[in-house]
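A.B. asks: Let me see the structure of the following:
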Amino acid sequence: MVDSTKTHAVLLSSPGLGHLTPVLELGKRLRTLNFKVTIFVVSSPTSAAESQVIESFMSLNLCEVILLPSPDISHVVDPDATVVTRLAVLMRETRPAFSSAISALSFPPTVLIVDLFGTDNLEVADEFKIPKFVYIATHAWFLALTLYLPVLHERVKGEYVDEKNALFIPGCKPLLPEDVVDPMLRRSDQQYLEYLNIGIEIPMADGVLVNTWEDLEPATLAALRDCKLWGDISMVPIFPVGPMVTPPGPIDSNKTEVFDWLEKQPIESVLYVSFGSGGLLSNEQMIELAYGLELSQQRFIWVVRPPAEKKSSDGSFFTVGNSSNAKEGPASYLPEGFLDRTKNVGFTVWDWAPQVEILRHQSVGGFLSHCGWNSTLESITNGVPLIAWPLYAEQRMNAALLAEELKIAVRPKTLPWKGIVGREEIQMMVKTLMVDKEGHAMRGRVKELKSSGETAWNDNGSSTKALAQFMY
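C.D. replies: From the prediction side, this is the model:
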């Protein structure tokens, strides 16, 4: 669809590592295929971690990165507005500055790619009369739900979470009401209308790139390509170009201690525990998790962060890396004596850890994760099964995909976003994944998916072909 020898691809990323990281990886992939690439980033003004990622990427000198000033949206949204609302409004308010920045480029753009929250900026492509695409940095099932939401909006009269039956999505696995994405939890909230608007705007693009691959979601991708299934919804070409994951980087000299510890552990014996860049647990849940890990008697690495200060699992989305309690350390939030009692089997890391490098280590055999799609792909591409502990956004949907369709994850019966997962259930899940036959079977399946993800980017692989189709 696009001639790469003459193409200047402009990418637009929303704030947040979950959005920024896959956009940067897409930029790198396009650059290696002879595209000129400019990435515009609407950065979160308080995110130190995000700034570090951008600086590291810019040092590679592969793509031009331009930071757009974060607009003041205090007059548009309430202070307690959800992350989805804030992101959607932020990106919409950025449109004038984005259009001006494109006009100032020395080399005119020939294609525009925006992420999920940038769909209002598709109109900018029309100003410059260039093709426009949306990059969905998560899976095809999520894309299918988003596209079908305008139909569900008309058919479902009450709250989605109150539905008795699973939500129908054409040709796809039905979605249980308790697994809906955050914006669908309450229809009266502004984030629902923002998400609905995204579902309406995506078909206005010339195509959609998705961070998945053919062998991971064959039935869903086939459904998305079957226009007869979708009625009046205008379907656009789908390009599965995943897995897009951050490659391993150099080991930080300040973090070598964790790898020294890993080197002493048996193969596939360690459970890695982390809730991503924005996920937080309540203090009560942290204590239960600590006791559950201790009771399991399994080796673990736990990235411990300060507990949530309010009842919100995504409370640090815009402030990751800037915890006011960072100097206090893990001991202040964990049960008394926990660190001493687990010192022979456990290793705690404060606030941040080199996740990709840890997951690829041969001693790691499981990942207790919030199921953000970046973390999910990092786990799959390293052949590591999961304990699925979703917190917010589309993570419940991701957990359902991992546990029920791909069968590479254990899920708690207690919904983590609704209640406290007790220590006994945590102990059981850890032992199931790390010791029992069920966990070994999951490990075998995820290694097959790892292999298929690698194959997708071979010279004749499905994702290589999809990107080539997008290019021409």
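A.B. asks: CA only for contacts and neighbour counts going forward, please
C.D. replies: Fine.
A.B. asks: Which positions in stretch 63-71 come out as buried?
C.D. replies: C63, V65, I66, L68, S70, P71 (16 or more other CA atoms under 10 Å).
A.B. asks: packing partners for the lowest-mean-pLDDT helix or strand in the chain?
C.D. replies: None of the helices or strands of the chain scores lower by mean pLDDT, DSSP states H and E than helix 48-58, at a mean of 84. Applying 3 or more CA pairs under 8 Å, 6 or more residues apart in numbering; DSSP states H and E, one finds that helix 48-58 contacts helix 17-31.
A.B. asks: okay, the angle between the helix it packs on and helix 48-58?
C.D. replies: Put simply, helix 17-31 runs at 10 degrees to helix 48-58, going by axes from the mean of the first three to the mean of the last three CA atoms, to 10 degrees.
A.B. asks: From V236, how far off is the most centrally placed residue in the chain?
C.D. replies: Closest residue to the average C-alpha location of the chain: W373 at 3.1 Å, with CA atoms, centre = their mean. Computed as CA to CA, to the nearest Å, the W373 to V236 distance reads 23 Å.
A.B. asks: And S100, by the same measure?
C.D. replies: In terms of CA to CA, S100 sits 28 Å off from V236.
A.B. asks: Looking at those two, which one has more neighbours?
C.D. replies: The neighbour count for S100 versus V236, taken as other CA atoms under 10 Å, is higher for V236 (17 against 11).
A.B. asks: for that one, what are its contacts?
C.D. replies: Residues in contact with V236, defined by CA atoms under 8 Å, 6 or more residues apart in numbering, are P203, A205, D206, G207, V208.
A.B. asks: name the element the last one belongs to?
C.D. replies: Using DSSP states H and E, the element containing V208 is strand 207-210.
A.B. asks: What is the subsequent helix or strand relative to that strand?
C.D. replies: That would be, after strand 207-210 and using DSSP H and E, helix 218-224.
A.B. asks: hang on, the earlier thing: could you list every helix and strand in contact with the helix or strand following the least confident helix or strand of the chain?
C.D. replies: Using DSSP H and E, the helix or strand that follows helix 48-58 in sequence is strand 64-68. Packing partners of strand 64-68 (3+ CA pairs under 8 Å, 6+ apart): strand 36-42.
A.B. asks: Now do the strand it packs on against helix 48-58, angle only.
C.D. replies: Using the same axes, to 10 degrees: strand 36-42 against helix 48-58 is 170 degrees.
A.B. asks: Quick check: mean pLDDT of strand 36-42?
C.D. replies: Regarding strand 36-42, the rounded mean pLDDT is 96.
A.B. asks: Quick check: Y148 vs D120, distance?
C.D. replies: Taken as CA to CA, the span from Y148 to D120 is 18 Å.
A.B. asks: picking that back up, now render the buried residues of stretch 63-71 as JSON lines, adding pLDDT and distance to G453.
C.D. replies: Listed next are the buried residues of stretch 63-71 as JSON lines, based on pLDDT from 0 to 100; distance: CA to CA, whole Å:
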{"residue": "C63", "pLDDT": "93", "distance to G453": "25"}
{"residue": "V65", "pLDDT": "95", "distance to G453": "28"}
{"residue": "I66", "pLDDT": "96", "distance to G453": "31"}
{"residue": "L68", "pLDDT": "95", "distance to G453": "34"}
{"residue": "S70", "pLDDT": "91", "distance to G453": "35"}
{"residue": "P71", "pLDDT": "93", "distance to G453": "38"}
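A.B. asks: closest to G329 among those?
C.D. replies: Proximity of the buried residues of stretch 63-71 to G329 (CA to CA) peaks at S70, which lies at 31.4 Å.
A.B. asks: you'd agree the closest one is up against S43?
C.D. replies: Yes: contact criterion CA atoms under 8 Å: S70 and S43 qualify, at 6.3 Å.
A.B. asks: what residues go with each domain of the chain?
C.D. replies: For the chain, automatic domain parsing gives the domain ranges 4-242+458-471, 253-452.
A.B. asks: Low-confidence ranges, the stretch 301-450 of the chain, go.
C.D. replies: Counting by pLDDT under 70, the stretch 301-450 of the chain shows low-confidence ranges at 310-328.
A.B. asks: for it, what spans make up the strands?
C.D. replies: Assigned by DSSP state E, counting those that start in this stretch, the strands in the stretch 301-450 of the chain fall at 346-350, 364-369, 386-388, 409-410.
A.B. asks: what do you get for the stretch 51-200 of the chain?
C.D. replies: 64-68, 111-115, 132-136.
A.B. asks: Let me know which of those is the nearest to L185.
C.D. replies: strand 132-136 (21.0 Å).
A.B. asks: Can you name every helix or strand that that closest one contacts?
C.D. replies: So strand 132-136, by 3+ CA pairs under 8 Å, 6+ apart, packs with strand 111-115, helix 122-128, strand 207-210.
A.B. asks: Identify the neighbouring strands of that strand in the sheet and state each direction.
C.D. replies: strand 111-115 (parallel), strand 207-210 (parallel) (DSSP bridges).
A.B. asks: now those strands in JSON lines, with mean neighbour count?
C.D. replies: Formatted as JSON lines, those follow (neighbours: other CA atoms under 10 Å):
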{"stretch": "strand 111-115", "mean neighbour count": "23"}
{"stretch": "strand 207-210", "mean neighbour count": "24"}
